[in-house]
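In: only the shape, not the letters, is given here:
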């Protein structure tokens, strides 16, 4: 089962979550990238900022925004990466499952959460995309309807993989040439 033909087999242009679940750690291990205090650099040029969990709300405070004026309850993203090039906040939720459980229903909340994040970021004119990074557990046919739903509401998912180009981050040149 692949989202629009993308599955994770093409790990040459993205981050592979096979042995790691922290996006910033993976970026730091990627040629040309460095991360310092939540700022992501590619070839020493700032390309993104990371706002995981409560740090998103600390950022909003620095911009003079009180989240309670836009949403009634904080949402705490696993990772939120603001990509400067496309002025988009990518809310990235990492769901690695080995047995059936509560994550099943959490996958069905992406539409609501994406709309909440959009309300939150609208005063800053920042667009929002919602992305799941999923383990192979979710390839099981029992998740077909859920995965179809994720796509139908304008959210995205990838299996153990995050394509850099899809979120607007630079792909190291030698990766493309391989």
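Out: Alright, I've got the coordinates. In this text, all values refer to a predicted model and were calculated from it rather than measured experimentally.
In: ok, what's across the strand from the residue sitting nearest the centre point of the chain?
Out: Nearest to the geometric centre of the chain sits residue 92, at 2.4 Å (CA atoms, centre = their mean). Beta-bridge partners recorded for residue 92 (DSSP bridges): residue 79, residue 131.
In: dump the residue contacts of it.
Out: Residues near residue 92 by CB atoms under 8 Å, 6 or more residues apart in numbering: 23, 77, 78, 79, 80, 81, 131, 132, 133, 162. The C-beta positions use only the backbone N, C-alpha and C, and glycine is treated the same way.
In: these two touch, right, the fifth one and residue 52?
Out: Yes. Taking CB atoms under 8 Å as the definition, residue 80 is a contact partner of residue 52 at 6.5 Å.
In: of the two, give the one with the bigger neighbour count.
Out: Each of residue 80 and residue 52 has its neighbours counted (other CB atoms under 10 Å); residue 80 has more, 24 against 17.
In: how far does the helix ranked longest in the chain sit from the chain's center?
Out: In the chain, assigned by DSSP state H, the helix with the most residues is helix 110-121. On the basis of CA atoms, centre = their mean, to the nearest Å, helix 110-121 is displaced by 13 Å from the centre of the chain it belongs to.
In: contacts for that helix, please.
Out: With CB under 8 Å, 6+ apart as the test, helix 110-121 has contacts from 60, 65, 67, 70-71, 75, 77, 80, 89, 91, 93, 127-130, 132, 150, 153-155.
In: so, low pLDDT: which residues of the protein?
Out: By pLDDT under 70, the weakly predicted segments of the chain are 1-21, 98-103, 174-178.
In: how about the helices in the protein?
Out: Under DSSP H, the chain gives helices at 23-28, 55-62, 103-106, 110-121, 144-152, 173-177.
In: closest one to residue 167 among those?
Out: The closest of the helices of the chain to residue 167 is helix 23-28. By CB to CB, the value is 10.1 Å.
In: give the other helices and strands that the closest one contacts.
Out: Packed against helix 23-28 by the contact rule (3 or more CB pairs under 8 Å, 6 or more residues apart in numbering; DSSP states H and E) you find strand 14-16, strand 33-36, strand 79-83.
In: let's see it at 6 Å
Out: Counting contacts by 3 or more CB pairs under 6 Å, 6 or more residues apart in numbering; DSSP states H and E, helix 23-28 packs against strand 33-36.
In: now do the buried residues in the strand it packs on.
Out: By neighbour count with 16 or more other CB atoms under 10 Å, strand 33-36 contains the buried residues 33, 35.
In: what residues does it touch?
Out: Contacts to strand 33-36, defined as CB atoms under 6 Å, 6 or more residues apart in numbering, come from residues 24, 27, 28, 41, 42.
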